[in-house]
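J.: Build the 3D model from these lines:
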Amino acid sequence: MKKLKRNMDLTGRIVFLAWPVILEMALHMFVWVFDTAMVGRLSAQALNAVGLGGQIVFTITAIFAGVGIGAMALIARYTGAGQKEDIERVASQALGLGFIIGLMVAVSIGFLSRTVLQYFVKDSAVLEYAVSYMRITSVAAAFMIPLSVCSYIMRGVGNTRTPMVIAAIANGINVIGDYVLIFGYFGFPRLEVAGAAVATAAGQIIGAVIIIGMLVYGRSGVRVRLQHMFRLEKNVVKRIFKLSIPASMEEFTHSGGRMISSLWISSMGAVSFAANSIAVAAESISFMPGYGFAVAASTLVGQNLGACLKDEAEESALQSTVMGTLFMAVIGLLFFFFPTLIIAVFTNLPHVMELAVRCIRIGAFEQPFIALSMVMGSSLRGAGDTRSPFVVAVISNWFVRLPLIYLVVYTWRLDVTYVWIATLIQFVIESALLTLRFLKRRWKDIDLETI
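T.: Residues are numbered from 1 along each chain as shown. Purely as a prediction, here's the structure:
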């Protein structure tokens, strides 16, 4: 009876942490769809430019925002141990690093955008639109990385609701700004692509200012001390970077793999590329619950280890994994039995639709393995083992998925559905490797003070 009550309490805690993250992801998805719909009313060149420019900017910021993952692992551990001063020290130093890295990234994007884009874009109109979009949003990059770091800090202490509220505010500003500035309503100038960039930048900057203000005033369960932000301590910075660099390299590995595979798939023809892109967009909806349970697992594992509750840390990870896997398995059933209804939301072109339906049916089998991979990997990161998920990402991407896709596209010359079979194989191997690493339980003995 007592064990049942404890399991119910743990389930409630996991749901409490997960649902704001799921809703936050849904908000980001909504803004992406709204951005695409608004810019798509301008021209194909504008749509391509914003899609490419946005993908580059947000991928770069996601990679460098990995500094927040290291901070989250440390803060979760200190939260479990009740070490308030250490929480504040790590939070302050991580935010200071976020500002320094954000500024460097912003300047780099601003100055190098044209040079980089010229290698990928041959259409002069698309090039000019994309350069304009990237240069404007580069200003926001200086705030986007600190914003991400702040969200990780709050999740480390178990506060997932505030980042969700901030995302709602930032995305709301983005949506309103899109409508007003792209088309020039309510007396504002018609800025088109530049308007989309300004709306995105404004939302991110305002969101960052609000969440930083909450941390400075201690309104979110943790307080950042301004005097400690840029007075960097070698031992703290070293620990943050030792945990963060593998996480950033993992994101780089996944992003690089997606970009290379997209370039290869584009050589299969317009219909195949469009079908794959639509199926990927539809499948990305399923990632939201998986990411929510992954964040819950990471937070609870770190906090329980900080409180010297190793068995509870393992139980938290396993229960989060079961819940995430069941949730995504249900989504997989929807993908398998109702693929036409799902794909119809994105396109009505018969040939594209037929191929995308076949892709998403294969994607249905990926769902439980994606959930396993996400939650197991996040559990290891929460314990401070950020290296193992990175190594597994390298193996699954560079030694499994990409070689198989290359064979499908250039050697065997099969249709795009076989690309999805290759991806299914990747997730089966990735989830198995991460689960095996977790079950070895070496993560229970990681001492973050000595890394």
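J.: On the pLDDT front, check M1 for me.
T.: As summarised for this prediction, M1 has a pLDDT of 46.
J.: OK, contacts around W398?
T.: Applying Cβ atoms under 8 Å, 6 or more residues apart in numbering, we find W398 in contact with 253, 257. Yep, even glycine has a C-beta here, placed from its N, CA and C like the rest.
J.: Check G53 too.
T.: Taking Cβ under 8 Å, 6+ apart as the contact definition, G53 lies against 113, 117, 129-131, 133-134, 137, 197.
J.: do the same with F438
T.: 317, 376, 379-380.
J.: Name only those of these that count as buried.
T.: Neighbour-count burial within the contacts of F438 applies to 317, 376, 379-380; the criterion is 16 or more other Cβ atoms under 10 Å.
J.: quick revisit: and the contacts of F438, which is closest to S266?
T.: When the contacts of F438 are compared for distance to S266 (Cβ to Cβ), M376 comes out closest, at 32.1 Å.
J.: from the buried ones among the contacts of F438, which ones fall inside strands?
T.: The members of the buried ones among the contacts of F438 all map outside strands under DSSP state E.
J.: and the closest residue to I285 other than its chain neighbours, what pLDDT?
T.: Residue nearest to I285 in three dimensions, not counting chain neighbours: M29, with 6.7 Å by Cβ to Cβ, 6 or more residues apart in numbering. Looking at M29, its pLDDT reads 81.
J.: burial measure for M29, as a count.
T.: The local packing of M29 (other Cβ atoms under 10 Å) involves 16 other residues.
J.: The chain should start at 87 in everything you say after this.
T.: Yes, from this point I'll number from 87; that puts the last item at M115.
J.: you'd agree it is up against S370?
T.: Yes: under the criterion of Cβ atoms under 8 Å, M115 is in contact with S370, at a separation of 7.1 Å.
J.: could you say which helix or strand contains the residue nearest to I371?
T.: When elements are defined using DSSP states H and E, M115 is found to belong to helix 88-125.
J.: which other helices and strands contact that helix?
T.: Judged by 3 or more Cβ pairs under 8 Å, 6 or more residues apart in numbering; DSSP states H and E, the packing partners of helix 88-125 are helix 130-150, helix 247-269, helix 279-302, helix 373-392, helix 396-423.
J.: Please identify the deepest-packed of those helices.
T.: helix 373-392 (a mean of 27; mean count of other Cβ atoms under 10 Å).
J.: Would you mind getting the angle between it and helix 88-125?
T.: Orientation note: helix 373-392 sits at an angle of 140 degrees relative to helix 88-125 (axes from the mean of the first three to the mean of the last three Cα atoms, to 10 degrees).
J.: Just the mean pLDDT for helix 373-392, thanks.
T.: Taken as a whole, helix 373-392 carries a mean pLDDT of 95.
J.: before we move on, what about stretch 336-356?
T.: Taken as a whole, stretch 336-356 has an average pLDDT of 88.
J.: got the buried residues for the helix or strand that contains I364?
T.: When secondary structure is defined using DSSP H and E, the element that contains I364 is helix 356-369. Along helix 356-369, these residues count as buried under the neighbour rule (16+ other Cβ under 10 Å): 357-369.
J.: now swap in stretch 520-535 and tell me
T.: Taking 16+ other Cβ under 10 Å as the basis for neighbour counts, the residues of stretch 520-535 that come out buried are 520-521, 523-524, 529, 532, 534.
J.: And it, how far out from the chain middle?
T.: The offset between the C-alpha centroid of stretch 520-535 and the centroid of the whole chain comes to 23 Å, using Cα atoms, centre = their mean, to the nearest Å.
J.: same check, this time on stretch 488-508
T.: Per Cα atoms, centre = their mean, the centroid offset for stretch 488-508 relative to its chain is 26 Å.
J.: Which residues are in contact with the residue nearest to I371?
T.: M115 touches 370-371, 374, counting by Cβ under 8 Å, 6+ apart.
J.: orientation of whichever helix or strand S218 is part of relative to helix 130-150 in degrees?
T.: Element membership for S218, per DSSP H and E: helix 210-242. With the same axes, to 10 degrees as the criterion, the two stretches helix 210-242 and helix 130-150 enclose an angle of 30 degrees.
J.: Going by neighbour count, list what's buried in helix 210-242.
T.: Of the residues in helix 210-242, those buried by neighbour count under the rule 16+ other Cβ under 10 Å are 212-242.
J.: C-alpha coordinates for stretch 347-366, PDB please?
T.: In PDB, the C-alpha atoms belonging to stretch 347-366 read as follows (Å, rounded to 0.1, in the frame of the first residue of the first chain):
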ATOM      1  CA  SER A 347      20.400  13.700 -45.000                       C
ATOM      2  CA  SER A 348      18.100  16.600 -46.200                       C
ATOM      3  CA  LEU A 349      20.700  17.500 -48.900                       C
ATOM      4  CA  TRP A 350      20.800  13.900 -50.100                       C
ATOM      5  CA  ILE A 351      17.100  13.400 -50.100                       C
ATOM      6  CA  SER A 352      16.700  16.600 -52.100                       C
ATOM      7  CA  SER A 353      18.500  14.800 -55.000                       C
ATOM      8  CA  MET A 354      15.700  12.200 -55.100                       C
ATOM      9  CA  GLY A 355      13.300  14.800 -56.700                       C
ATOM     10  CA  ALA A 356      10.800  17.400 -55.700                       C
ATOM     11  CA  VAL A 357       8.000  14.900 -54.800                       C
ATOM     12  CA  SER A 358      10.200  12.800 -52.600                       C
ATOM     13  CA  PHE A 359      11.700  15.800 -50.800                       C
ATOM     14  CA  ALA A 360       8.300  17.400 -50.300                       C
ATOM     15  CA  ALA A 361       6.800  14.100 -49.000                       C
ATOM     16  CA  ASN A 362       9.700  13.600 -46.600                       C
ATOM     17  CA  SER A 363       9.500  17.200 -45.300                       C
ATOM     18  CA  ILE A 364       5.800  17.000 -44.700                       C
ATOM     19  CA  ALA A 365       6.100  13.600 -42.900                       C
ATOM     20  CA  VAL A 366       8.900  15.000 -40.700                       C
END
